[in-house]
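Visitor: got a predicted structure plus its sequence, pasted below:
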Amino acid sequence: ILQDPSNQKCGRKKTVSFSSMPSEKKISSASDCISFMQAGCELKKVRPNSRIYNRFFTLDPDLQALRWEPSKKDLEKAKLDISAIKEIRLGKNTETFRNNGLADQISEDCALSVIHGENYESLDLVANSADVANIWVSGLRYLVSRSKQPLDLMESSHDTPRFAWLKTVFEAADVDGNGIMLEDTSVELIKKLNPTLKESKIRLKFKEIQKSKEKLTTRVTKEEFCEVFSELCTRPEVYFLLVQISKNKEYLDANDLMLFLEAEQGVTHITEEMCLDIIRRYELSQEGRSKGFLAIDGFTQYLLSPECDIFDPEHKKVVQDMTQPLSHYYINASHNTYLIEDQLRGPADINGYVRALKMSCRSIELDVCDGPDNEPLVCNRNNMTSPLPFRNVIEVINKLAFFASEYPLILCLGNHCSLQQQKVVVQHMKKVFGNKLYTEAPLSSEVYLPSPEKLKMKIIVKGKKLPSDQDVLEGEVTDEDEEAEISRRLSEDFSREPKLIWLCRELSDLVSLCKSVQYKDFETSMRAQNYWEMCSFSEAEASRIANESPEDFVNYNKRFLSRVYPSAMRIDSSNLNPQDFWNCGCQIVAMNYQTPGPMMDLHTGWFLQNGGCGYVLRPSVMREEVSYFSANTKGIVPGVSPQVLHVKIISGQNFPKPKGACAKGDVIDPYVCIEVHGIPADCTEQRTKTVQQNSDNPIFDESFEFQINLPELAMIRFVVLDDDYIGDEFIGQYTIPLECLQPGYRHIPLRSFVGDIMEHVTLFVHIAITNRSGGGKAQKRSLSVRIGKKAREYTMLRNTGLKTIDDIFKLAVHPLREATDMRENMQNAMVSVKELCGLPPIASLKQCILTLSSRLVSGDNAPSVTLSMRDAFPYLEPLGTVPDVQKKVLAAYDLV
């Protein structure tokens, strides 16, 4: 039971969870939690001395105490009064858990602690599953908050705001006013309230109720309608969350929602009015909307809404600096754009261009050859059937060039025409594109290409050019397109001279910023290449360079554009991994848009950022003249703060059966893989356990963490797979750049294999990103203090060998060390505050202050501290005597 799923490589080992819920009945209210606790269950009791005992825990029938057995103590001692409980924590957030040698084997999501007594002692427990832990935490929190009020609220769940709303829904549909309704009408009604439910499931639930009550009629009463709706439409994981953030009520008010949005969801500048507006828009009951509270159904709708999307809305518009040179951006590029099938057999198809341009592709390819009647054609030269008239293709390009993005479009022209038809190509382009064509001669006084901002709404032609010093109307140039490379590779004589082709002056003059040249080596390029010249690399050649001289490749790409195209051996038009070349700074990595799969997912996901405009600014470490970067770095990248990504996979919703699965029932056994893509040091994947036979709402409740050394290049891919498959295992995926992740509780909209969003198919997760010291596995305190100073990694400076420069930079060594110390000391102080507040490493300062504030109020609501400003810092000063536990927290807060 105590296996840590994070140690398992994806796909290696099947781990299966048999416990979805303790009983078949789902938890949908506080009274469900109480009933479960009164029936009792086995929990593991963790002692500071590393011992773990199995004990059976129950809640007294009168709800006044928690008891456990067997125990050496007499029965009166083996109990804990509810009135003595101070707080209940979920997760391994006490000294006992932090110092217990076996703590690593205990799942974070199954651990809970009951803090009691004036000295804040802890009773530390481990449940058999995250669900059971959630029930105890929710039930106990509810009891503790209720112990300050009369307990009549406990008796029934029939007077909750939700039931009041459901009754009004029932009454509105009950036209005769008899208080009963046809089963068909009830099914329709529930389906209308929750469109994701399957009709068969609703009918089955009604049949169960009829059977349990031995009813002969299929008519449905108001109570039965409410019961079926609550059972089918309550997601336990959302219910537990609601109880936790509503201070143990069964609904949220504007203040609860405000604290949730600020402390958990990372929303800034939120006001009470904005929260009331959310409540008015999402609460389903009239009463809730007028009184300003959000019950479980409205809260579920809100969490599923676009407002809680995992993708940061800031990145849905252009947010990056677009005034840098063109070579400083990754550019969304397509390979053989005219294909919609594989490159060997596929005919040319105009839809290839339509699709690419609508997906904000900014570099497209045209292979042009002679056609009949002096009209050039665009065609796949491996398959001359159905060629496309060149003129039609560029008319479509002209219409859609700036449909999805106003930034420049690069046309990679593969010219296989006679001189006569080359002139027709030029006439058509000038006529159709007009002043969109960028033909200004590059300035030799510049060192870098112009920016995307400066080239807005321009079409740039990439191709061969005649030497500018020769005043000729036509001439021979080397043909170094992909086919030439293929024929060179296939011939034995690899060093064969490249083929020459004729080029007319008019076509040569259309090329200005993207002149195609042959790559020889970096030394030659750095010495002789002009900034407006660019090289194309085959996948094999680019891979070799990336492995042999990654730093030189990054430096080269600071000034020049590089285009990488897939290997000619990929006759099925499969895709290369674009990340391998982005890591070296290559801007134009051409993808076969017609071939879906993991590589295309990465490409599509990457270009969702920056408003989906097709241009993504590269990390500064790849742009700055003075920086020196190799993607193969092991560990920390100089000048970049590493981050820790914490992901909790909570549950899934409405998973479909894999598309290509052979004949088997509708049942699936889903599990989730989390893949991190980026520089090699960051690439990793982990998987959850498998949930047996549940596609509607499988509960995973598993937490993972990943250290990310270069966050700007990292992408996360969530993949849902079926463990019980015949043929096809793929259920859905979503790929997102790390920089676009929103923190907090989020629903991920899953995409199908071909990349379409699937309606109502989601993954519910919690995301947090911390800096390295603020998160990660908690070390034993004494140890971390001892090694703290020694293990620090300070920024080092590399000598250039030029004395004057080295002497100037030496002055920076001391301030850099001081800054590192300051940052590390601050982060260590924060870790102490979080631990003393009983919060996990992923907690924010806001959550610490919230926890602290509830502790620092005495029984009669009088504050025990005062806030005073000194040296512009908000200090907390005790009023009178404060218990030792609180003194420690205040001291840690002072240190921060």
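Guide: Cool, got the structure. Residues are numbered from 1 along each chain as shown.
Visitor: what about the strands in the stretch 51-200 of the chain?
Guide: Along the stretch 51-200 of the chain, the segments classed as strands by DSSP state E, counting those that start in this stretch run 52-59, 65-69, 79-81, 85-90, 111-116, 121-126, 180-181.
Visitor: could you point out which of the ones you listed sits nearest Val511?
Guide: The minimum distance between Val511 and the strands of the stretch 51-200 of the chain falls on strand 85-90, with 63.0 Å, by Cβ to Cβ. C-beta: built from backbone N, CA, C; applies to glycine.
Visitor: check contacts around Glu624.
Guide: By Cβ atoms under 8 Å, 6 or more residues apart in numbering, no residues touch Glu624.
Visitor: ok so, going back, and the strands of the stretch 51-200 of the chain: which comes nearest Lys198?
Guide: The nearest among those, by Cβ to Cβ, is strand 180-181 at 20.2 Å.
Visitor: what packs against that closest one?
Guide: Contacts defined by 3 or more Cβ pairs under 8 Å, 6 or more residues apart in numbering; DSSP states H and E place strand 180-181 against strand 220-221.
Visitor: show residues contacting the strand it packs on.
Guide: By Cβ under 8 Å, 6+ apart, strand 220-221 touches 179-183, 185-186, 206, 228.
Visitor: would you mind checking these for buried ones?
Guide: 181, 183, 185-186, 206, 228 (16 or more other Cβ atoms under 10 Å).
Visitor: in helices, which of the residues you listed appear?
Guide: In helices, judged by DSSP state H, the following of the buried ones among the contacts of strand 220-221 are found: 183, 185-186, 206, 228.
Visitor: for these, work out which two are farthest apart.
Guide: Pairwise distances across these peak at 12.8 Å for Thr185 and Val228 (criterion: Cβ to Cβ).
Visitor: hmm, back to that, from the ones in helices among the buried ones among the contacts of strand 220-221, which is closest to Glu42?
Guide: Distance to Glu42 across these (Cβ to Cβ) is lowest for Val228, with 31.5 Å.
Visitor: from the chain's centroid, how far away is the longest helix that the chain contains?
Guide: If you go by DSSP H, the chain has its longest helix at helix 813-836. Per Cα atoms, centre = their mean, to the nearest Å, the displacement of helix 813-836 from the mean C-alpha position of its chain is 28 Å.
Visitor: for it, list every residue counted as buried.
Guide: Neighbour count says helix 813-836 has 824, 827-828, 830-836 buried, by 16+ other Cβ under 10 Å.
Visitor: of these, closest to Ile767?
Guide: Checking the buried residues of helix 813-836 against Ile767 with Cβ to Cβ, the nearest one is Lys834 at 17.8 Å.
Visitor: flag every buried residue along stretch 238-249.
Guide: 238-246, 248-249.
Visitor: nearest residue to Phe163 other than its sequence neighbours?
Guide: By the measure of Cβ to Cβ, 6 or more residues apart in numbering, the closest residue to Phe163 outside its immediate chain neighbours is Cys226, 5.6 Å from it.
Visitor: same question, Asp109
Guide: Using Cβ to Cβ, 6+ apart and skipping residues adjacent in sequence, the residue nearest Asp109 is Ala130, 3.9 Å away.
Visitor: mind checking what helix or strand follows the least confident helix or strand in the chain by mean pLDDT in sequence?
Guide: The helix or strand of the chain with the lowest confidence, counting by mean pLDDT, DSSP states H and E, is helix 781-788 at a mean of 33. Using DSSP states H and E, the helix or strand that follows helix 781-788 towards the C-terminus is helix 803-810.
Visitor: what's next to that next one, contact-wise?
Guide: Defining contact as Cβ under 8 Å, 6+ apart, one finds that helix 803-810 is touched by 797, 799-800.
Visitor: and stretch 865-875, by the same measure?
Guide: 856, 876-879, 882, 890, 894.
Visitor: selection in ChimeraX covering whichever of those residues are buried, please.
Guide: Buried subset of these, written as a ChimeraX selection, criterion 16+ other Cβ under 10 Å:
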select :856,876,882,890
